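> sequence first, predicted model second:
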Amino acid sequence: MNKIVAICGPTAVGKTAYSIEIAKKFDGEIVSCDSMQLYKYMDIGSAKPSSDELNQVKHHLIGIVEPREMFSVAKYKELAYDAIDDIISRGKLPIIAGGTGLYLDALLYDLDFAAAPSDSTLRDELYKIAEEKGNLELHAILQECDPCSAQRIHPNNVRRVVRAIESAKSGVQLKDFAKDLSLNDKYEFILIGLRRDREELYDRINRRVDVLVKEGLFEEVKMLREMGLSESDISMKGIGYKEVLAYFDGEYDLETVIDTIKKNTRHFAKRQITWLKRYDDMKWFDLSESKDDKDSIREIITWLEKSL
């Protein structure tokens with residue numbers, strides 16, 4: 001069975017740098033698992049790999065979608081599998097890197113997105129609520145539209161909550177979607193989780209936001225705004241973009257909007273960690289325990305050499 005390495009972790013933990021070093025070591029190519037880095041023109045706010053990083057290792061699914069284009073999880077799954085199969089056909093190692101939990105689920109599990117009575121836009125919006133606002137916020141939506149299902153389904157069972165909301169809105173009775181949990185048996189996934197001490201991670205997040213601002217985050221959002229994009233576009237609901245849009249609309253002053261981006265990013269990272277803890281097969285590496293990143297990379301490579 002063909003093996004795939006997935007480098008997972010919260011935002012700002014270091015996934016990009018680590019995935020590049022691992023790809024160089026094992027003759028791999030990187031498939032992005034980031035719902036924001038898919039979009040064209042949205043380079044700074046999405047923290048896309050730099051030109052130098054993109055030149056070091058071939059990347060897939062970065063900057064391929066127009067910001068106004070509707071892009072579903074099912075479409076991501078299709079394109080990601082195409083990229084993975086292409087990489088394997090050339091004798092190279094596919095490396096999944098990114099922090100969008102739903103996209104990772106789509107690859108790991110044999111989910112049939114076409115089988116459920118839903119539209120992909122609604123599904124994506126519901127998962128985005130879970131990732132950005134938390135499971136309880138999503139469960140409250142289910143409580144409003146289907147109280148009976150809300151009593152039966154735990155808030156942490158995000159996939160089933162989403163299915164129940166879709167079914168309630170479509171008028172179709174919720175079926176047993178336990179089959180959704182069956183693993184994809186076409187590939188063998190090797191899951192690597194990166195984590196850091198909370199204080200260190202939050203400091204990295206704060207410093208990264210400062211860097212994004214210096215690199216031109218506000219100018220990028222202004223350009224997108226001039227292209228006609230607004231808060232109603234899904235692409236502009238990402239952290240960093242929505243806050244700067246609100247700043248331009250006079251809702252924040254400069255200091256407040258930057259602090260808000262930092263706070264929202266920290267909250268998002270916390271939810272990403274919660275999401276990733278659901279994977280029993282994840283091999284976690286605590287980067288804060290190593291002397292430096294080079295030491296951590298050596299440790300991960302040594303472990304991978306035994307697993308591949």
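Structure's in. What do you need?
> what's the burial count for Arg163?
Using other C-beta atoms under 10 Å, Arg163 has 23 other residues around it. The way it works is simple: take the backbone N, C-alpha and C, and place the C-beta from them, glycine included.
> kindly report the same for Val13.
For Val13, which is what you asked about, the neighbour count (other C-beta under 10 Å) is 24.
> quick check: phi and psi at it.
Note on Val13: its backbone torsions stand at phi -80, psi -20 [degrees, to the nearest 10].
> likewise the one 4 residues further on?
For Ala17, the backbone dihedrals (degrees, to the nearest 10) come out as phi -60, psi -40.
> in contact with the residue nearest to it when sequence neighbours are not counted, which residues?
Using C-beta to C-beta, 6 or more residues apart in numbering and skipping residues adjacent in sequence, the residue nearest Ala17 is Asp293, 6.9 Å away. Asp293 is in contact with Gly14, Ala17, Tyr18, Leu287, counting by C-beta atoms under 8 Å, 6 or more residues apart in numbering.
> from Ala83, how far out is the third one?
What that stands for is Tyr18. Distance, Tyr18 to Ala83, by C-beta to C-beta, to the nearest Å: 19 Å.
> more neighbours, the two?
Counting neighbours by other C-beta under 10 Å for Tyr18 and for Ala83 shows that Tyr18 has the greater number, 23 against 20.
> quick one: the helices in the stretch 1-150 of the chain, in order.
Secondary structure of the stretch 1-150 of the chain, counting by DSSP state H, counting those that start in this stretch: helices at 15-25, 51-56, 73-89, 101-108, 120-133, 135-145, 147-152.
> indicate which one of those helices is closest to Ile4.
With distances scored as C-beta to C-beta, the stretch of the helices of the stretch 1-150 of the chain nearest to Ile4 is helix 73-89 (6.4 Å).
> could you export the closest one as CSV, CA atoms only?
Coordinates of each C-alpha in helix 73-89 appear next as CSV, following Å, rounded to 0.1, in the frame of the first residue of the first chain:
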residue,chain,number,x,y,z
VAL,A,73,-14.4,20.0,0.4
ALA,A,74,-15.4,17.4,-2.2
LYS,A,75,-13.5,19.4,-4.8
TYR,A,76,-10.5,19.6,-2.5
LYS,A,77,-10.6,15.8,-2.0
GLU,A,78,-10.7,15.2,-5.8
LEU,A,79,-7.8,17.6,-6.5
ALA,A,80,-5.7,16.3,-3.6
TYR,A,81,-6.1,12.7,-4.6
ASP,A,82,-5.1,13.7,-8.2
ALA,A,83,-2.0,15.3,-6.9
ILE,A,84,-1.2,12.4,-4.6
ASP,A,85,-1.6,9.8,-7.4
ASP,A,86,0.6,12.0,-9.7
ILE,A,87,3.3,12.2,-7.0
ILE,A,88,3.2,8.4,-6.4
SER,A,89,3.3,7.7,-10.1
